[in-house]
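A.B. asks: coordinates for the following, if possible.
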Amino acid sequence: MNTKPIENISCFQKKSFELAGKIKVLSNNYSRSIDWETEGSISDFLDDYFQYCFSASMAGPELGLIKNPYALLAIGDYAYERNCFFPNIKILFLFKEFIPDKAVDLIREVLYPLWDLGLKVHSYTRTVKDCCKLAMKDSRSFFSVYNSRLICGVSLVYSDLHELLRKRIITYKKSEFINGKYLNDLKRHKLYKGYKSILEPDPVMTIGGLSDYHSFFVMAKLRFGIQNKADLKFKGLISHKDYENLCESLEFIRDIIFRIKIQFREKSIKIDTYSKLSKKMRLENKSFCSTSEWFLREITNRFNVIKDIYADIIMHINPKEIQKEKKNNLKKETKTCGLKIRGGMLDFVTVNEITKFPELMITIFRESLKDDIFINPDAKRLIKEFSFLLNSDDIKRYLYFMNEILFLSDNKDSILIEMIRCKVISNIIPGFRNIETLFKIDSYHEIPIDLHLTETVSNLVSIDRKDFSGENFFLKELYEEVKDKKVLLWSSFLHHFGNTKSMDFEDELFETLDLVFNEESRAKKALFIINNHDILDKFTIAKDNKTSELINLTKKLKDLETLNILFLLTVADIKSRGAFGLCEKKYNELELIYIKLRDRMK
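C.D. replies: Okay, the predicted model is just below:
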């Protein structure tokens with residue numbers, strides 16, 4: 001290869017210094033909380049640099065551009081349409097026929113100035129056929145090339161690459177690559193499902209992060225041929241409102257990624273940076289919670305938007321793993337009037353059925369839970385649009401259907417979470433929207449309160465469904481002794497309702513409970529349990545458990561049924577808190593206090 005010195009290197013150095021100056025200005029503006037849109041992104045600056053290099057290159061014309069055209073492609077993070085403010089810079093020098101010996105001169109004059117600045121730039125040199133051969137062997141190489149973006153050069157080379165990929169690979173291996181991508185996502189979701197990923201999330205890798213967006217985008221690109229995220233709306237995969245929420249969420253998450261990398265030199269968001277990030281981003285706290293809790297609530301809402309869209313688009317893309325479950329549902333039938341099974345998923349017969357019978361927006365979740373059938377994404381979209389119809393005079397009837405769902409919710413990935421996301425519960429129960437995605441960091445809760453409530457209910461119902469032995473058998477015996485399980489489950493589902501700190505929350509809650517039970521005495525009992533749901537937990541924390549305090553607590557509880565409900569609720573509540581969950585020592589302390597109180601009451 002020819003390794004003669006590059007005479008024109010000074011102009012590239014000048015351009016690289018200009019690039020470094022722009023990056024520094026952008027970083028300083030972030031420190032002063034200046035809006036990034038007025039300045040551009042680092043990806044824009046890099047594109048401008050590479051385009052200048054192509055036009056001013058001295059080595060480029062010597063490569064025989066007419067006989068052997070070439071192009072510069074962005075791959076990896078840098079390729080995702082400027083999705084990352086500070087991308088991991090990967091460049092592919094793509095030649096049509098062969099790689100000439102003088103290509104090394106081109107690479108030197110383009111990359112050396114960037115390396116001198118301290119930027120981490122990875123370069124690859126391939127021909128169109130080389131890329132195709134690698135893509136056939138490895139799905140990772142395929143997605144890297146398939147998601148590449150043309151920066152500069154001869155566009156025909158880029159077109160030839162995608163045409164060759166389409167003819168030789170996509171036509172035959174499209175379903176295989178989609179299923180492989182989906183399985184990799186499931187592994188990543190399992191890895192980032194822990195409580196630490198909720199409190200200190202990695203905006204890229206966490207569930208609902210940028211990786212999920214990139215993943216469903218490339219799968220939709222393979223399946224439906226979309227070219228940009230606006231095509232998701234035009235193809236009918238998401239609604240216009242979901243599209244607006246997606247754009248806003250992506251902008252918010254990218255903003256955070258840039259700030260934590262530039263200002264805090266971190267990959268994930270740490271607890272001690274919540275308040276600083278909130279101030280830098282000028283987020284206004286519109287709630288009664290602390291600044292850190294408000295920030296965590298805001299970013300969790302954005303993750304939930306991407307997470308829900310990911311789940312809906314996966315149903316449309318239909319990978320092999322989902323197809324297996326759908327095939328089992330094709331033979332099933334639903335007897336509920338107004339619902340049907342379409343493509344192995346539950347759906348509404350017509351939109352008019354929803355307006356005539358709004359309770360269908362609740363019964364569809366019940367049928368999904370009973371028969372273990374997916375709900376069609378289009379049906380979920382309709383529920384979100386028409387959920388306001390549930391906020392009417394027929395709430396009592398809607399709560400009846402809700403009661404059936406509570407008794408069936410025995411798994412942690414409960415249908416209750418989907419009902420919350422579709423705004424069903426917040427329209428049935430006044431004030432519930434105030435605790436959606438609300439965090440209480442100081443109360444040993446590592447997950448949002450709404451998610452904590454659903455897990456508490458699931459933990460209680462699973463006591464009756466699972467086979468327990470040893471100490472856990474005691475819980476099953478207590479659960480069977482409770483005569484009014486309706487009070488137990490509704491108290492567990494609403495036991496954090498007081499976290500709204502609303503002046504009239506108790507009146508609103510009693511009104512809801514009165515509609516649920518249709519009996520004042522049971523409503524008052526449930527209200528007492530909700531207001532005192534942590535009384536046994538506080539009693540274990542106290543260092544001295546005096547006899548006088550036990551007597552006072554016994555008078556408060558009134559009957560053994562209330563004590564049993566409180567004990568079961570306390571165990572399920574603590575178990576749902578996360579890393580601060582129910583350890584053996586804590587359980588033994590609770591059981592000891594329960595036995596003392598039970599003996600005194602008898």
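A.B. asks: CA atoms only for stretch 96-103 - export them in CSV, please.
C.D. replies: In CSV, the C-alpha atoms belonging to stretch 96-103 read as follows (Å, rounded to 0.1, in the frame of the first residue of the first chain):
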residue,chain,number,x,y,z
LYS,A,96,-18.5,-1.0,-5.0
GLU,A,97,-16.0,-3.5,-6.6
PHE,A,98,-12.7,-3.8,-4.7
ILE,A,99,-10.7,-2.0,-2.0
PRO,A,100,-7.8,-0.1,-3.7
ASP,A,101,-4.3,0.1,-2.2
LYS,A,102,-4.6,3.9,-1.9
ALA,A,103,-7.7,3.6,0.3
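A.B. asks: got the buried residues for that stretch?
C.D. replies: 96, 99-100, 102-103 (16 or more other C-beta atoms under 10 Å). Every residue, glycine included, has its C-beta placed from N, CA and C.
A.B. asks: spatially central residue in the chain, please.
C.D. replies: Nearest to the mean C-alpha position of the chain, counting by C-alpha atoms, centre = their mean, stands residue 208 at 2.7 Å.
A.B. asks: that's a strand at that one, yeah?
C.D. replies: No. According to DSSP: H, G, I helix; E, B strand; the rest coil, residue 208 belongs to no strand; its state is coil.
A.B. asks: check whether it really touches residue 304, as I assumed.
C.D. replies: Yes. With contact defined as C-beta atoms under 8 Å, residue 208 counts as touching residue 304 (6.1 Å).
A.B. asks: so who does residue 269 touch?
C.D. replies: Residues in contact with residue 269 (C-beta atoms under 8 Å, 6 or more residues apart in numbering) are 200-203, 256, 260, 277, 299.
A.B. asks: closest one of those residues to residue 571?
C.D. replies: Checking the contacts of residue 269 against residue 571 by C-beta to C-beta gives residue 200 as the nearest, at 27.3 Å.
A.B. asks: what packs against the longest helix seen in the chain?
C.D. replies: Taking DSSP state H as the criterion, the chain has its longest helix at helix 291-317. Counting contacts by 3 or more C-beta pairs under 8 Å, 6 or more residues apart in numbering; DSSP states H and E, helix 291-317 is packed against helix 171-191, helix 210-224, helix 240-262, helix 274-280, helix 377-386.
A.B. asks: which strands or helices does the last one pack on?
C.D. replies: This means helix 377-386. Contacting helix 377-386 under the criterion 3+ C-beta pairs under 8 Å, 6+ apart are the following elements: helix 291-317, strand 345-348, helix 351-356, helix 360-371.
A.B. asks: which residues are contacting it?
C.D. replies: 238-239, 241-242, 311-313, 315-316, 345-348, 351, 354-355, 358, 361, 364, 418, 422-424.
A.B. asks: switch the cut-off to 7 Å
C.D. replies: Residues outside helix 377-386 that contact it (C-beta atoms under 7 Å, 6 or more residues apart in numbering): 239, 312, 315-316, 346-348, 351, 354, 361, 364, 422-424.
A.B. asks: quick check, nearest of those residues to residue 147?
C.D. replies: Nearest to residue 147 among these, with distances taken as C-beta to C-beta, is residue 316, at 19.7 Å.
A.B. asks: which SS state does the closest residue to that closest one other than its chain neighbours fall under?
C.D. replies: Closest residue in space to residue 316, ignoring its immediate chain neighbours: residue 237 at 5.5 Å, by C-beta to C-beta, 6 or more residues apart in numbering. Secondary structure, three-state DSSP: residue 237 is coil.
A.B. asks: who are the contact partners of residue 47?
C.D. replies: Residue 47 neighbours (C-beta under 7 Å, 6+ apart): residue 151.
A.B. asks: next: residue 576.
C.D. replies: 452, 455-456, 459.
A.B. asks: please apply the same query to residue 391.
C.D. replies: residue 427.
A.B. asks: what's the per-residue pLDDT of it here?
C.D. replies: If you check residue 391, the pLDDT there is 77.
A.B. asks: relative to residue 273, how far out is it?
C.D. replies: Going from residue 391 to residue 273 by C-beta to C-beta, to the nearest Å gives 38 Å.
A.B. asks: for the helices and strands packed on helix 377-386, give me CSV that also has mean neighbour count, mean pLDDT and distance to residue 435.
C.D. replies: Shown next, in CSV, are the helices and strands packed on helix 377-386 (neighbours: other C-beta atoms under 10 Å; pLDDT from 0 to 100; distance: least, C-beta to C-beta, whole Å):
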stretch, mean neighbour count, mean pLDDT, distance to residue 435
helix 291-317, 21, 88, 10
strand 345-348, 22, 89, 28
helix 351-356, 13, 90, 27
helix 360-371, 21, 89, 20
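A.B. asks: could you dump those into JSON lines with distance to residue 111 added?
C.D. replies: JSON lines is the format used below for the helices and strands packed on helix 377-386 (distance: least, C-beta to C-beta, whole Å):
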{"stretch": "helix 291-317", "distance to residue 111": "34"}
{"stretch": "strand 345-348", "distance to residue 111": "50"}
{"stretch": "helix 351-356", "distance to residue 111": "57"}
{"stretch": "helix 360-371", "distance to residue 111": "54"}
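A.B. asks: closest to residue 18 out of those?
C.D. replies: Of these, nearest to residue 18 by C-beta to C-beta is helix 291-317, at 34.0 Å.
A.B. asks: quick check: what element follows the lowest-mean-pLDDT helix or strand in the chain along the chain?
C.D. replies: Taking mean pLDDT, DSSP states H and E as the measure, the chain has helix 9-31 as its least confident helix or strand, at a mean of 63. Counting by DSSP states H and E, the next helix or strand C-terminal to helix 9-31 is helix 42-56.
A.B. asks: let me know the angle separating that following helix from helix 240-262.
C.D. replies: 80 degrees (axes from the mean of the first three to the mean of the last three C-alpha atoms, to 10 degrees).
A.B. asks: CA atoms only: put helix 42-56 into CSV for me.
C.D. replies: Extracted C-alpha coordinates of helix 42-56, given in CSV (Å, rounded to 0.1, in the frame of the first residue of the first chain):
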residue,chain,number,x,y,z
ILE,A,42,-23.0,16.3,17.5
SER,A,43,-24.1,13.9,14.8
ASP,A,44,-24.9,17.0,12.6
PHE,A,45,-21.4,18.3,13.2
LEU,A,46,-19.8,15.0,12.4
ASP,A,47,-21.8,14.7,9.2
ASP,A,48,-20.6,18.2,8.2
TYR,A,49,-17.0,17.2,8.8
PHE,A,50,-17.2,13.9,6.8
GLN,A,51,-19.0,15.7,3.9
TYR,A,52,-16.2,18.3,3.8
CYS,A,53,-13.6,15.5,3.8
PHE,A,54,-15.2,13.9,0.8
SER,A,55,-15.3,17.1,-1.2
ALA,A,56,-11.8,18.4,-0.2
